[in-house]
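**Q** have a look at this fold, sequence not included:
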């Protein structure tokens with residue numbers, strides 16, 4: 001009888017980028033990137049570069065969203081621009 005891997009053995013690493021639920025009515029974090037990543041995929045230079053681009057975009061989008069909805073961040077930006 002062949003060995004059938006259990007679910008734990010089939011697990012693939014995931015990279016997830018979320019934005020905290022600032023101002024969200026239901027308290028759910030917003031998922032900007034949720035991707036399975038295999039080490040073998042990262043051995044290929046083009047795949048690695050594309051993955052890093054997607055990761056960077058998700059992080060940048062998350063920073064923009066947090067600035068847009070966070071009262072503290074908005075106040076800090078106003079303060080910084082007023083001092084220029």
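**A** Sure thing, it's come through. All figures in this text were calculated on a predicted structure; none of them were measured in a lab. Numbers count the residues shown, from 1 in each chain.
**Q** what are the ranges of the strands in the protein?
**A** 14-19, 30-36 (DSSP state E).
**Q** want to throw those strands into JSON lines with distance to residue 61?
**A** (Glycine included, C-beta is placed from N, CA and C.) Shown next, in JSON lines, are those (distance: least, Cβ to Cβ, whole Å):
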{"stretch": "strand 14-19", "distance to residue 61": "8"}
{"stretch": "strand 30-36", "distance to residue 61": "5"}
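**Q** quick check: which of these is nearest to residue 64?
**A** strand 14-19 (9.4 Å; Cβ to Cβ).
**Q** show me how far the closest one is from its chain's centre.
**A** Distance, stretch centre to chain centre, for strand 14-19: 3 Å (Cα atoms, centre = their mean, to the nearest Å).
**Q** what's that strand in contact with?
**A** 29-37, 55, 58-59, 62, 65-66 (Cβ atoms under 8 Å, 6 or more residues apart in numbering).
**Q** in the longest helix out of those in the chain, what counts as buried?
**A** Longest helix in the chain by number of residues (criterion: DSSP state H): helix 45-69. Within helix 45-69, the residues scored as buried using 16 or more other Cβ atoms under 10 Å are 51, 55, 58, 62, 69.
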